[in-house]
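[1] one predicted model, sequence on top.
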Amino acid sequence: MAKQPSSLTLLRPDFAIIASWIQPGSKVLDLGCGDGTLLGYLQDTLGVHGYGVEIDDANILACLNNGVNVIQSDLESGLSGFESNSFDYVILSQTLQAMRHTEDIIKEILRVGKEGIVTFPNFGHWKNRLQVLFGHMPVSQTLPYEWFDTPNIHLCTLNDFEQLCHRHGIHIIERRVMNGSQHITIAPNLFGMLAFYRFTCGK
Amino acid sequence: MHDSESIGIVTPQRFYFDTPLSLESGAILDSYEQVYETYGELNAAKSNAVLICHALSGNHHVAGVYADNPKNVGWWNNMIGPGKPIDTRKFFVIGVNNIGGCHGSTGPASINKKTGKHYGADFPVVTTIDWAQTYVRLADKFGIDEFAAVVGGSLGGMSAMQLALDAPEKVRHAIVIAAAAKLTAQNIAFNDVARQAIITDPDFHGGDFYSHGTIPRRGLRLARMLGHITYLSNDSMAEKFGRELRSGSLSFNFDIEFQIESYLRYQGDKFADQFDANSYLLMTKALDYFDPARDYDDDLSAAFHRAKANFLVLSFSSDWRFSPERSRSIVKALLDNKLNVSYAEIPSRHGHDSFLMKDEHYHQLVRAYMNKIET
């Protein structure tokens, strides 16, 4: 069955942003790749050669059904199965906030890949702030979980993430901030729902 | 049990090869016969062939039953058949009996034409490298330029890898299940205890037991009992047998008391009736010798540089004889060579034997992968 990248581009503006940062034909590692939709999209639209990394059994099966390479592995234990500098891009899409070893995975991304691409829900969005102000943990489109059943343990704002990068000498090449399909340029830490960062080693 | 998706009645066939086969050991096999079974139809382009490589005690009877013995069901019948994960409506599946075995292909129990006697201990040691050669010759007989997939578990997985390494142009996909890139010292140790059990059996007669009219049953039995323990997990044994007693009370002697003893002795007896002792020695040696990185300074990634196939590597969480860690080292070598590879670690309770069991997730993974293979 032929996929229709154009419709997926419309449905998933976040995919389009990630794709816009990736050179055609490059080597891509997608950490926490889920059912492999993003990787399949990058394969179809850019002809990348890639692998997904997933821990969930059902997602491994979905990846095989979607025709993408997938390696079952726990990201929390690092990327020891991957050689240093063996990928052009290492993507961590909406997974950072659910990881225990946040700093370790960022370091691993830049060990294995020449560039890192990380996306995460911005906890600093005004709706989240408002809910906290009214005395509740936020529940929103990008943070759809209640406090007691959320997998998200390391939520952060744009400022927080940039501070972490600074501390580790990571050079942010580009940042995009989205609210749905809308690009946010004014006060992104307040109005942005989803943050996209493309970064590399500072040195 | 009625199985609507079984391939049904199958018939073993054989090819005779009279071109000498140069073996890894330096020995030459002047001629040999290879027994095989096929299921499904080879398409016009001959692009839908799937080779099934067997493990230590397996053979060419992979699926279906025999007309004269409907109870003799192929060892991987739950995996292969119409509508099964390896679907015989799409693929032409070939089951093969390795040379050195004892189910029809030339092996130690065959008659050596030169002497008119059983080969016995004179049968040369065969390795996965030698088997890979025979697989290529088998493909040639069918006019198959390239297997759509080569599939195997355990030693069969190693054989599949070997073919992907030695004849890269012949393997489009390799499914390597519960295997390892080489045996650990512990694994070789288990194999040697099994071999010693056979070799030191007085009925073995240096491998020439055929002319003495004996079978080293005690040795074979012990070898199989030991092997069997290592193919199961502690949990599955506990679950299946626990400390259950056969008679309900202790009898304070060395007869069978615990159910596990009964089970193992039964397995040992059954095996001793069916399997040739010399073949068992050879198969365990083939396991021990498999080590594609040996010629590459122990660098498995360098060894896999010549491979071209796409790989699916599967391991089972409770398999301690060929642990997931061993499969991950294969995956690492494939990744280092940027080969297409997917890897799954399947939750299981049945140890190494899991690869033979019907498990929904396991079978779904194989099915999904096979579905994507273009013929």
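    Right, received. Where do you want to start?
[2] can you list the weak-confidence ranges in chain A?
    Residues of chain A that meet the criterion pLDDT under 70 lie in A:1-7, A:9-10, A:203.
[3] show me what from chain B comes close to chain A.
    Taking Cβ under 8 Å from any Cβ of the partner chain as the test, the list of chain B residues beside chain A reads B:312, B:328, B:331-332, B:335-336, B:338, B:340-347, B:361, B:364-365, B:368-369, B:371-372. Heads up, the C-betas are built off the backbone N, CA and C, glycines and all.
[4] in strands only, show me those residues.
    Judged by DSSP state E, the residues of chain B next to chain A include B:312, B:341-346 as members of strands.
[5] can you add distance to B:Gly157, pLDDT and neighbour count and give these back as CSV?
    What follows is these, written out as CSV (distance: Cβ to Cβ, whole Å; pLDDT from 0 to 100; neighbours: other Cβ atoms under 10 Å in any protein chain shown):
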residue, distance to B:Gly157, pLDDT, neighbour count
B:Leu312, 11, 98, 26
B:Val341, 14, 98, 23
B:Ser342, 15, 98, 28
B:Tyr343, 13, 98, 27
B:Ala344, 14, 98, 26
B:Glu345, 15, 98, 23
B:Ile346, 14, 98, 23
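[6] for residue 62, list the residues it contacts.
    You didn't pick a chain, so chain A it is. Contacts for A:Ala62 were tallied using Cβ atoms under 8 Å, 6 or more residues apart in numbering or on different chains; they are A:34-36.
[7] oops, wrong one, chain B.
    By Cβ under 8 Å, 6+ apart, the contact list for B:Val62 reads B:37, B:39, B:52, B:54, B:74-77, B:80, B:93, B:95.
[8] how does it look with 7 Å?
    Applying Cβ atoms under 7 Å, 6 or more residues apart in numbering or on different chains to B:Val62 gives the contacts B:37, B:52, B:74-76, B:80, B:95.
[9] and which of those residues is nearest chain A?
    B:Ile80 (18.3 Å; Cβ to the nearest Cβ).
[10] re earlier: which two of the ones in strands among the residues of chain B next to chain A have the greatest separation?
    Taking Cβ to Cβ as the measure, these span a maximum distance of 15.9 Å, between B:Val341 and B:Ile346.
[11] quick one: the helices in the chain, in order.
    Defaulting to chain A. Assigned by DSSP state H, the helices in chain A fall at A:5-11, A:13-20, A:37-46, A:57-65, A:102-112, A:126-133, A:158-167, A:188-191.
[12] wrong one, I was asking about chain B
    B:128-142, B:155-166, B:185-199, B:209-212, B:217-231, B:234-240, B:259-274, B:277-289, B:300-303, B:324-336, B:360-372.
[13] tell me which of the ones you listed is the most buried.
    Neighbour counts (mean count of other Cβ atoms under 10 Å in any protein chain shown) averaged over each of those peak at helix B:155-166, with a mean of 27.
[14] what average pLDDT does that helix get?
    The average of the pLDDT scores along helix B:155-166 is 98.
[15] and that helix, how far out from the chain's middle?
    11 Å (Cα atoms, centre = their mean, to the nearest Å).
[16] quick one, it and helix B:277-289 angle?
    Comparing the axes of helix B:155-166 and helix B:277-289 via axes from the mean of the first three to the mean of the last three Cα atoms, to 10 degrees yields an angle of 60 degrees.
[17] excluding sequence neighbours, find me the nearest residue to residue 121.
    Answering for chain A, as no chain was given. Leaving aside its sequence neighbours, A:Pro121 sits nearest to A:Thr142 (Cβ to Cβ, 6 or more residues apart in numbering or on different chains; 3.7 Å).
[18] my bad, the chain I had in mind was chain B
    B:Gly207 (2.8 Å).
[19] for chain A, give me its nearest residue in the stretch 151-300 of chain B.
    The minimum distance from the stretch 151-300 of chain B to chain A, using Cβ to the nearest Cβ, falls at B:Ile175 (11.4 Å).
[20] can you report how many residues lie near that residue?
    Other residues near B:Ile175 come to 28 when the count uses other Cβ atoms under 10 Å in any protein chain shown.
[21] can you pull the contacts of it?
    Residues near B:Ile175 by Cβ under 7 Å, 6+ apart: B:149, B:151, B:160, B:312, B:366, B:369.
[22] mind pulling up the pLDDT for the closest residue to chain A within chain B?
    Of all residues in chain B, B:Ala368 sits closest to chain A, at 3.8 Å by Cβ to the nearest Cβ. We note a pLDDT of 98 for B:Ala368 in this prediction.
[23] what residues are up against it?
    Per Cβ under 7 Å, 6+ apart, neighbours of B:Ala368: A:61, A:64-65.
[24] excluding chain neighbours, what is closest to it?
    Nearest non-adjacent residue to B:Ala368 (Cβ to Cβ, 6+ apart): A:Leu64, at 3.8 Å.
[25] might one say that that neighbour is in contact with B:Arg367?
    No. Contact criterion Cβ atoms under 7 Å: A:Leu64 and B:Arg367 do not qualify, at 8.8 Å.
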